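Student: Using only what follows, build the 3D model:
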Amino acid sequence: MSALDDFHALVAGVNYPMFIVTAAAEGRRAGCLIGFATQASIAPPRLLVLISKANHTYRVARDATTLAVHFLREDNYELATLFGEQTGDEVDKFATLRWQEGPGHAPILEGTRGWVAGPVIDRFDAGDHVAHLIGVQEAAAAIPGPQLAFQAVRDMEPGHPA
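Tutor: All right, here's what the predicted structure looks like:
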């Protein structure tokens, strides 16, 4: 096996948490399911969120001043399916959901474990994704429960290729 094959074999077994990131800019709103996100700093608190360049949400997020990151529960599978398998190029994902406008007009989804929203401090190219460093402006821990993780959603058909 090559190093690339070994790399893919290793990461295929990782069970990292899944999130939904939402954004609004210039009268547009968008959101997508992501797995590449992590706490990046304790003081000041920051998150690093990576969004695929192929994704409709990326085109909105690159113009947004604020992003919201939703922490998912195991029973958010249907919500994850909507934001993971549908594309905002074709579907208004927010049309049938309960949500409210949050900081920077970013949509805040109801029914998740909670969310963090804050300004985009920096962006940088990370390959087929763009990393967004987010400061924590507001956060809410809403409904406790086990997190939805990658292995539960790995068979979804993405709205766009990664």
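Student: Leaving out the residues flanking it, which one is nearest to residue 145?
Tutor: The shortest distance from residue 145 to any non-neighbouring residue, by CB to CB, 6 or more residues apart in numbering, is to residue 73 (4.0 Å). Quick note: C-beta positions are derived from backbone N, CA and C, even for glycine.
Student: residues near the one you found, how many?
Tutor: Neighbour count for residue 73, taken as other CB atoms under 10 Å: 19.
Student: try the one 4 residues further on
Tutor: Counted with other CB under 10 Å, the burial measure for residue 77 works out to 16 neighbours.
Student: just the one 5 residues further on next, same as before
Tutor: A count of neighbours around residue 82, defined by other CB under 10 Å, yields 19.
Student: try residue 14
Tutor: Residues within reach of residue 14, counting by other CB under 10 Å, total 10.
Student: hang on, residue 51 packs against residue 21?
Tutor: Yes - under the criterion of CB atoms under 8 Å, residue 51 makes contact with residue 21 at 6.4 Å.
Student: Show me the common contact partners of those two, please.
Tutor: Any residue near both residue 51 and residue 21 by CB atoms under 8 Å, 6 or more residues apart in numbering counts here, and that gives 32, 34, 57, 61.
Student: circling back to that earlier point, out of residue 51 and residue 21, which sits in the busier spot?
Tutor: residue 21 (29 against 26).
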